[in-house]
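Participant: turn this into a structure:
(one chain, ligands or ions: 2)
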Amino acid sequence: MTILLETSDLGFRYPNGPWLFRGVNLSLMAGQITLLTGPSGSGKTSLLYALCGLIPQVFAGEYIGKTVIKNLDSRQWALPRLASVLAVVFQTPQLFFPRLEDELAFTPENLQWSRQRMTRAVEEALAAAKLEPFRDKAPERLSGGQQQLASWATALTAMPDIFLLDEPFSQLDPAGKQLLRDSIQALAAAGKAIFLIEHSDPGLDNLNNLCSLDKGVLTRRVHHKIWG
Ligand SMILES: Nc1ncnc2c1ncn2[C@@H]1O[C@H](COP(=O)(O)OP(=O)(O)OP(=O)(O)O)[C@@H](O)[C@H]1O
Ligand SMILES: [Mg+2]
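Facilitator: Residues are numbered from 1 along each chain as shown. Ligands and ions are numbered 1, 2, ... in the order given. A predicted model of the protein is given here:
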């Protein structure tokens, strides 16, 4: 099985903070969905930052071990280039452009795709998230759930091999949740590696790995022991 992202004895603490996690050994494989749960403040989002290179490249602190993304240490990746191999959906939608369509075009533009390829990617992402009617709208004027779908659409535009999703279901209505479930499962079936943070059972059929982070330790879990 192909490992797309792997951590070795990964540990991190913010300046003057406690160790949020230590000794984390996690592998994200092609075609697999990994779900992380754990109490608020346990460090799940910080662990995601340490998977996608923001820790230690952007957030300072004490960092031990390493994350290897597609055979290259995360510290050696230029962050803008990482967009070609992984996409992050942040816990709070990060949307900056005056028009949704421009928001979606941002990553393909950065990756210097041809106009034709970029247009196709944006159209496909808008369709996948059922956001075509809102293409000209300012993302900040969208509802919370629509913004979350817009974040999902931005992740889809570059169609990388790795998706890191931080509570992407939290503001979605039942139809949005089903859309996202179907989309995640289709991506996994197509060989993408998915890492998902959630507080409750997202209802995915094919969860391959389930783990929880609590008091600095990442533990493998069994589905029925967490959610019954
Ligand atoms: N930039 C930062 N600098 C210092 N401390 C931080 C920073 N970001 C988060 N923390 C602290 O690190 C701890 C873990 O935060 P984190 O956001 O990773 O938790 P979480 O498990 O994702 O929580 P939630 O379930 O509420 O999203 C918290 O105590 C938080 O206050
Ligand atoms: Mg969080």
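
Participant: how much space between the residue positioned nearest the centre of the chain and ligand 1?
Facilitator: In the chain, the residue lying closest to the centroid (Cα atoms, centre = their mean) is residue 164, at 1.8 Å. Distance, residue 164 to ligand 1, by Cβ to the nearest ligand atom, to the nearest Å: 13 Å. To be clear about C-beta, it is placed using only N, CA and C from the backbone, and glycine gets the same treatment.

Participant: which of the residues in whichever strand in the chain runs longest are buried?
Facilitator: Using DSSP state E, we find that the single longest strand of the chain is strand 3-13. Residues of strand 3-13 classed as buried: 4, 5, 6, 7, 10, 11, 12, 13 (neighbour count, 16 or more other Cβ atoms under 10 Å).

Participant: can you lay out those as a markdown table showing pLDDT and distance to ligand 1?
Facilitator: Below are the buried residues of strand 3-13 laid out as a markdown table (pLDDT from 0 to 100; distance: Cβ to the nearest ligand atom, whole Å):
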| residue | pLDDT | distance to ligand 1 |
| --- | --- | --- |
| 4 | 98 | 22 |
| 5 | 98 | 18 |
| 6 | 98 | 20 |
| 7 | 98 | 15 |
| 10 | 98 | 14 |
| 11 | 98 | 13 |
| 12 | 98 | 9 |
| 13 | 98 | 9 |
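
Participant: partner strands of the longest strand of the chain and their direction?
Facilitator: In the sheet, strand 3-13 lines up against strand 21-24 (antiparallel), strand 27-29 (antiparallel), strand 62-69 (antiparallel) (DSSP bridges).

Participant: among the ones you listed, single out whichever gets nearest to residue 186.
Facilitator: strand 27-29 (16.9 Å; Cβ to Cβ).

Participant: name the residues that touch that closest one?
Facilitator: Contacts with strand 27-29, where a contact means Cβ atoms under 8 Å, 6 or more residues apart in numbering, come from 1-7, 34, 51, 162, 193-195, 208.

Participant: got the residues of this structure near ligand 2?
Facilitator: 44, 45, 91 (Cβ under 5 Å from the ion).

Participant: check contacts around the residue of the chain at minimum distance from ligand 2.
Facilitator: Going by Cβ to the ion, ligand 2 is nearest to residue 45 of the chain, at 3.2 Å. With contact taken as Cβ under 8 Å, 6+ apart, residue 45 is in contact with 91, 166, 197.

Participant: return the subset of those lying in strands.
Facilitator: 166, 197.

Participant: most neighbours, which of the contacts of residue 45?
Facilitator: residue 197 (23 neighbours; other Cβ atoms under 10 Å).

Participant: how far away is that residue from ligand 1?
Facilitator: 7 Å.

Participant: close enough to count as contact, that residue and residue 37?
Facilitator: Yes. Using Cβ atoms under 8 Å, residue 197 makes contact with residue 37 at a distance of 7.4 Å.

Participant: hey, what's in contact with both of these two?
Facilitator: Shared contacts of residue 197 and residue 37 (Cβ under 8 Å, 6+ apart): residue 44.

Participant: low-confidence stretches in this structure?
Facilitator: Where the chain drops to pLDDT under 70, the residues are 224-228.
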